[in-house]
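[1] Here you go, sequence then predicted model.
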Amino acid sequence: MYSGTPNDKPWTVPALADAKRDGRRLVMLTCYDAGFARTMDAAGVDLVLVGDSLGMVVQGHDSTLPVTTADVAYHTACVARGLAKALLISDLPFQADATPERALDASVQLLQAGAAMVKLEGAGHKLDVIRFLVEREIPVCAHLGLTPQSVLRLGGYKVQGRDEAAAARLRADARAVAEAGATLLVLECVPTPVAAAITADLTIPTIGIGAGPHCDGQVLVLHDLLGLNSGHRRPRFVKDFLAEGGSVAGAVQSFAQAVRDGSFPDAEHSYA
């Protein structure tokens with residue numbers, strides 16, 4: 001049985017393993033500036049992600065592909081100034097992790113801007129990148145399922161792992177990124193039973209976004225949480241928490257409470 005309460009102490013990377021062991025649900029949101037960061041910290045959000053989603057919701061692009069390491073580093077520094085407790089994670093943008101050496105250079109920029117961990121998409125050749133970074137004291141969050149940086153190959157933003165073979169590949173990739181040294185795993189747009197099986201199989205926490213209620217935590221893009229029009233189709237897993245929270249702070253608190261008590265995501269906001 002999962003449970004969870006806001007953390008009184010600043011989050012650390014090793015504390016994520018404790019959360020998994022203790023069955024504590026993790027609350028995560030994307031963030032791009034210091035003001036929202038302060039609001040999230042005050043509301044007890046555990047993990048804050050400076051995502052390359054900034055390319056779509058802040059810069060107005062059609063995908064995350066135009067985002068640069070300098071863009072992410074700038075917003076990481078802004079967010080870091082607003083946080084006192086939450087663990088700050090930053091995305092390695094498109095092709096910044098094409099080789100281990102490039103990933104190291106980009107990661108150093110993001111950690112020097114204030115991040116405590118970097119997130120990268122995919123498995124395959126990225127396993128060498130994960131090992132390379134972890135061996136050099138850079139914590140890594142992996143990201144599987146719908147990986148937005150693969151939108152051209154995937155032909156759009158689609159649910160992944162629907163058939164048996166694809167689900168088996170996803171489970172194998174999840175084990176592989178954990179064995180390579182990832183500390184955390186984001187699962188995006190994955191059927192609920194597949195995400196549940198991966199979560200049960202791994203010793204590292206999983207964070208779901210459109211991956212059902214059985215992940216160890218949940219993440220949403222800030223603009224989706226607030227019901228803002230980002231110029232893109234709203235996916236099924238998105239819920240407008242501003243409507244029930246009544247304010248920005250109330251929306252963040254409502255999301256955090258719903259994640260911790262297990263009421264979000266429900267079947268309406270998940271893929272069978």
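    Now that the structure is in, tell me what you want to look at. Just so we're clear, the structure is a prediction, and the values are computed from it rather than from any experiment. Residues are numbered from 1 along each chain as shown.

[2] distance of the closest residue to residue 240 other than its chain neighbours from residue 237?
    Counting by Cβ to Cβ, 6 or more residues apart in numbering, residue 227 is the residue found nearest to residue 240 once chain neighbours are left out, at 3.5 Å. Quick note: C-beta positions are derived from backbone N, CA and C, even for glycine. Here the criterion is Cβ to Cβ, to the nearest Å. By it, residue 227 lies 14 Å from residue 237.

[3] hmm, back to that, would you double-check that the residue nearest to residue 240 falls in a strand?
    No: according to DSSP: H, G, I helix; E, B strand; the rest coil, residue 227 belongs to no strand; its state is coil.

[4] Of residue 227 and residue 237, which one has the most company?
    Taking neighbours as other Cβ atoms under 10 Å, residue 227 and residue 237 compare with residue 237 leading, 22 against 14.

[5] residues contacting the more buried one?
    189, 209, 210, 265, 269, 270, 271 (Cβ atoms under 8 Å, 6 or more residues apart in numbering).

[6] If we use 10 Å, what do you get?
    When contacts are counted by Cβ atoms under 10 Å, 6 or more residues apart in numbering, residue 237 is found next to 159, 188-189, 208-212, 218, 220, 224, 264-265, 268-271.

[7] What about those, which are in helices?
    By the criterion of DSSP state H, membership of the contacts of residue 237 in helices covers residue 224.

[8] which of the contacts of residue 237 are buried?
    Among those, those buried by neighbour count (16 or more other Cβ atoms under 10 Å) are 159, 188-189, 208-212, 218, 220, 224, 264-265, 269-271.

[9] Which neighbouring residues are in contact with the residue nearest the centre of the chain, exactly?
    Centroid-nearest residue in the chain: residue 186, 5.1 Å away (criterion: Cα atoms, centre = their mean). Neighbouring residues of residue 186 by Cβ under 10 Å, 6+ apart: 28, 49, 51, 89, 119, 121, 141-145, 147, 205-209, 211, 215, 217, 219.

[10] three-state assignment of it?
    Going by three-state DSSP: residue 186 is strand.

[11] Could you do residue 90 as well?
    strand.
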